[in-house]
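Asker: Predicted structure and sequence below. I'll ask about it afterward.
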Amino acid sequence: MQLQITYRQIISISLPLMLTSLFNNVINLIGVAFMGRVGETELAAIGVGALIFILLTMIPYGFSVGFQIIIARRGAEKNYETIGKIFNSNLIFMCGVGVVLYLFLEFLAPIALKPFFSSVEIFDKGMEYLHYRSFEIFLACFAFTLIGFYTSIGENKIIGWSALIMLIVNIFFNYSLVFGENGFPQMGIAGAGLASLISSSVACLINLGYLIFSKFTKQFHLFEFKKFEWQYVQSGLKLSGPIVLQHFLSTGTWAIFFLMIEKMGIQALAASNVAKEVYMILGVT
């Protein structure tokens with residue numbers, strides 16, 4: 001009987017996370033599919049642009065895993081007030097990380113990445129896509145903090161629901177902004193970037209709103225920014241360092257691989273993007 005309950009608990013925790021990963025991969029696949037109808041250059045550029053964005057998100061994602069472990073440990077000890085201090089300090093820290101990554105993506109990335117592209121057309125389209133997604137990196141830092149908290153206390157259902165709504169919103173705005181439907185301007189690859197920003201904003205607001213109006217805000221003293229306590233951030237960073245490095249290197253190899261394919265031509269890069277997205281869907285479990 002105990003084993004059956006354990007399996008049910010495992011599924012209840014892991015399923016929303018699996019669905020979230022699946023929905024994010026579906027969003028990427030839809031973006032690639034829409035770009036296939038826009039043009040070959042756009043299809044090639046969106047894959048590289050998305051990989052660069054995902055590569056940067058691995059930094060806050062790794063940080064969130066570290067503080068998630070610390071919160072789970074304090075939860076087992078029923079040290080609720082300390083959980084609030086950990087969350088509040090890490091939320092401030094992650095917002096700071098988000099600002100730095102946003103500034104890098106918006107202002108420094110175009111300069112740093114240009115020498116690695118052989119096609120000016122692919123580079124320009126990729127940067128156009130990233131320009132509209134740049135603020136999303138700040139939202140990602142904020143969202144990873146919320147998701148890490150939910151995961152650490154076993155409250156994962158809201159993560160799955162917010163990801164589903166994000167998928168629906170993204171499909172609507174992606175189609176509308178890319179092709180100029182439903183009264184929206186036709187923006188092409190820029191529309192795909194803007195649609196991603198809008199859908200991520202909606203998901204972030206859902207996760208934030210749920211937390212604010214939940215019992216956890218009072219129980220754990222969340223959003224009480226009385227004092228920034230570095231020791232609670234530092235303890236998480238000690239755990240998250242190897243995780244950040246692992247995910248950054250694994251995603252970085254994909255980015256390097258596609259930059260190498262980019263030198264083979266637009267058609268080769270476009271075909272590789274389609275193959276990658278299909279592979280990501282199949283490998284979500």
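Answerer: Everything's here; your move. Being a predicted model, the structure only gives us computed values, none of them experimental.
Asker: so who does the residue nearest to Phe34 when sequence neighbours are not counted touch?
Answerer: Nearest residue to Phe34, sequence neighbours excluded (C-beta to C-beta, 6 or more residues apart in numbering): Val178, at 4.9 Å. C-beta coordinates here come from the backbone N, C-alpha and C atoms, glycine included. Counting by C-beta atoms under 8 Å, 6 or more residues apart in numbering, Val178 touches Phe34, Met35, Val38, Gln186, Met187, Gly188, Ile189, Gly191, Ala192, Ala195.
Asker: tell me which element the fifth one is part of?
Answerer: When secondary structure is defined by DSSP states H and E, Met187 falls outside every helix and strand.
Asker: ok, now which ones touch it?
Answerer: Leu177, Val178, Gly180, Leu194.
Asker: Inside helices: which ones of those?
Answerer: If you go by DSSP state H, the contacts of Met187 have Leu177, Val178, Leu194 in helices.
Asker: Same list (those) but as CSV, adding pLDDT and distance to Ala275.
Answerer: Shown next, in CSV, are those (pLDDT from 0 to 100; distance: C-beta to C-beta, whole Å):
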residue, pLDDT, distance to Ala275
Leu177, 98, 26
Val178, 97, 21
Leu194, 97, 26
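Asker: Same list (the residues you listed) but as TSV, adding distance to Asn156.
Answerer: Output for these, formatted as TSV (distance: C-beta to C-beta, whole Å):
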residue	distance to Asn156
Leu177	31
Val178	32
Leu194	29
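Asker: which one of these sits closest to Phe138?
Answerer: Leu194 (15.3 Å; C-beta to C-beta).
Asker: shouldn't that closest one be in contact with Val169?
Answerer: No: in this structure, Leu194 is not within contact of Val169 by C-beta atoms under 8 Å, at 11.9 Å.
Asker: Mind jotting down where the helices sit in this structure?
Answerer: 2-38, 40-76, 80-103, 109-113, 120-133, 136-152, 157-179, 189-212, 216-219, 230-262, 266-282.
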